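Asks: The amino acid sequence is not available; the structure is as follows:
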């Protein structure tokens, strides 16, 4: 048993160390170092250390809770508020499952949002645009079934990229907001190490990223809140500038130093998620047909 635990924590430590070595190499040799110095008040290495420690904690939580996402989803008792409030849909990242948002779902329900749903996909088959098209179809069907209720998307990592692309393709009258967590909006240099076609397609400024941007240009900017929540020491999205989506309709909010996966578990990021969701729910006033009052 002790040997198994040593292997388990050894793997987590090695993974975190390797990704932060790559992060520091990329950051220290580029313009992102000056930004990190400013955000860390002249202590960039301290920020990186905090990110590394959070990577150990978050990766442990992710692996321990992962089996819960393989179980059948428990049906919750319907509440009156669940039939009138916003519908919140969370989308996990690459290689993860719905267990990724375990802590976030709990916090949202405690804040009074009772209709919180997971949208899952397989990381090993199909390509990005097949996944995005399926998400868009599901969103249109949901909006058709309940046109008076605002729909809010929250996606982590690749899940945020899927949410971003689906958000522009379904149209502004379907959604009330889109929030991404640690999403590689411009891809990531670490995608070359990914397993599977879907992961490798997420390279920095890859053809996939360029097509997403072309689609956004053709559909036009949405009229709802679009926020990218990002960590200044994200160890999976390189370079750091890749965390910033193009377009003036997107707002980037920087979190305290934490790792890529820690955005799902860190109390500061969870508080930001809940606050943003309340902001969306309070500012959206939906009418028949999904039109917003101006």
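Replies: Nice, I can see it. Remember, predicted model here, so these are calculated numbers, not experimental data.
Asks: Low-confidence ranges, the stretch 151-294 of the chain, go.
Replies: The stretch 151-294 of the chain contains residues with pLDDT under 70 at 172, 284-294.
Asks: where along it do the strands fall?
Replies: In the stretch 151-294 of the chain, the strands defined using DSSP state E, counting those that start in this stretch lie at 151-156, 177-181, 225-230, 250-254.
Asks: partners of the first one, with directions?
Replies: Yep, that's strand 151-156 we're talking about. Next to strand 151-156 in the sheet, as set by DSSP bridges, lie strand 87-91 (parallel), strand 177-181 (parallel).
Asks: Then residue 96 would be within a helix, right?
Replies: No - looking at residue 96 with DSSP: H, G, I helix; E, B strand; the rest coil, it is coil, so not inside a helix.
Asks: what about it, how many neighbours?
Replies: Neighbours of residue 96 under the rule other Cβ atoms under 10 Å: 22. Glycine gets a C-beta too; all of them are placed from N, C-alpha and C.
Asks: So for residue 244, which of the strands of the stretch 151-294 of the chain sits nearest?
Replies: Closest to residue 244 of the strands of the stretch 151-294 of the chain is strand 250-254 (Cβ to Cβ; 5.3 Å).
Asks: Give me the angle between the closest one and strand 225-230.
Replies: 30 degrees (axes from the mean of the first three to the mean of the last three Cα atoms, to 10 degrees).
Asks: what does strand 250-254 rub up against?
Replies: 39, 225-232, 243-245, 272 (Cβ atoms under 8 Å, 6 or more residues apart in numbering).
Asks: make it 6 Å
Replies: Residues outside strand 250-254 that contact it (Cβ atoms under 6 Å, 6 or more residues apart in numbering): 226-230, 232, 244.
Asks: so where's the longest helix in this structure?
Replies: As assigned by DSSP state H, the longest helix anywhere in the chain is helix 2-28.
Asks: helix or strand right after it?
Replies: Under the assignment DSSP states H and E, the closest C-terminal helix or strand after helix 2-28 is helix 32-39.
Asks: so what pLDDT did the residue lying closest to residue 102 once chain neighbours are set aside get?
Replies: Nearest residue to residue 102, sequence neighbours excluded (Cβ to Cβ, 6 or more residues apart in numbering): residue 65, at 5.6 Å. Predicted confidence (pLDDT) for residue 65: 96.
Asks: ok so, going back, distance to residue 35 and mean neighbour count for the strands of the stretch 151-294 of the chain - can I get that in CSV?
Replies: As requested, these are exported to CSV (distance: least, Cβ to Cβ, whole Å; neighbours: other Cβ atoms under 10 Å):
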stretch, distance to residue 35, mean neighbour count
strand 151-156, 23, 27
strand 177-181, 19, 27
strand 225-230, 11, 22
strand 250-254, 10, 14
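Asks: got CSV for these, with distance to residue 133 too?
Replies: Compiled in CSV, these are given as follows (distance: least, Cβ to Cβ, whole Å):
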stretch, distance to residue 133
strand 151-156, 15
strand 177-181, 17
strand 225-230, 20
strand 250-254, 22
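Asks: of all the contacts of strand 250-254, which two lie farthest apart?
Replies: By the measure Cβ to Cβ, those have their two most distant members at 226 and 232, which lie 20.1 Å apart.
Asks: Just send the contacts of strand 250-254 back as JSON lines, with distance to residue 86 too.
Replies: Formatted as JSON lines, the contacts of strand 250-254 follow (distance: Cβ to Cβ, whole Å):
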{"residue": "226", "distance to residue 86": "16"}
{"residue": "227", "distance to residue 86": "15"}
{"residue": "228", "distance to residue 86": "20"}
{"residue": "229", "distance to residue 86": "18"}
{"residue": "230", "distance to residue 86": "24"}
{"residue": "232", "distance to residue 86": "30"}
{"residue": "244", "distance to residue 86": "26"}
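Asks: ok, of these, which one's closest to residue 3?
Replies: For these, the nearest to residue 3 is residue 232 (37.1 Å; Cβ to Cβ).
Asks: Could you tell me how many residues sit around the closest residue to the closest one other than its chain neighbours?
Replies: Residue nearest to residue 232 in three dimensions, not counting chain neighbours: residue 39, with 4.9 Å by Cβ to Cβ, 6+ apart. By other Cβ under 10 Å, 16 other residues sit near residue 39.
Asks: you'd agree residue 39 is up against residue 230?
Replies: No - Residue 39 is beyond contact range of residue 230, at 11.0 Å (criterion: Cβ atoms under 6 Å).
Asks: And what about residue 118, helix, strand or coil?
Replies: When classified by three-state DSSP, residue 118 comes out as strand.
Asks: nearest residue to it other than its sequence neighbours?
Replies: Per Cβ to Cβ, 6+ apart, closest to residue 118 is residue 98, 3.7 Å.
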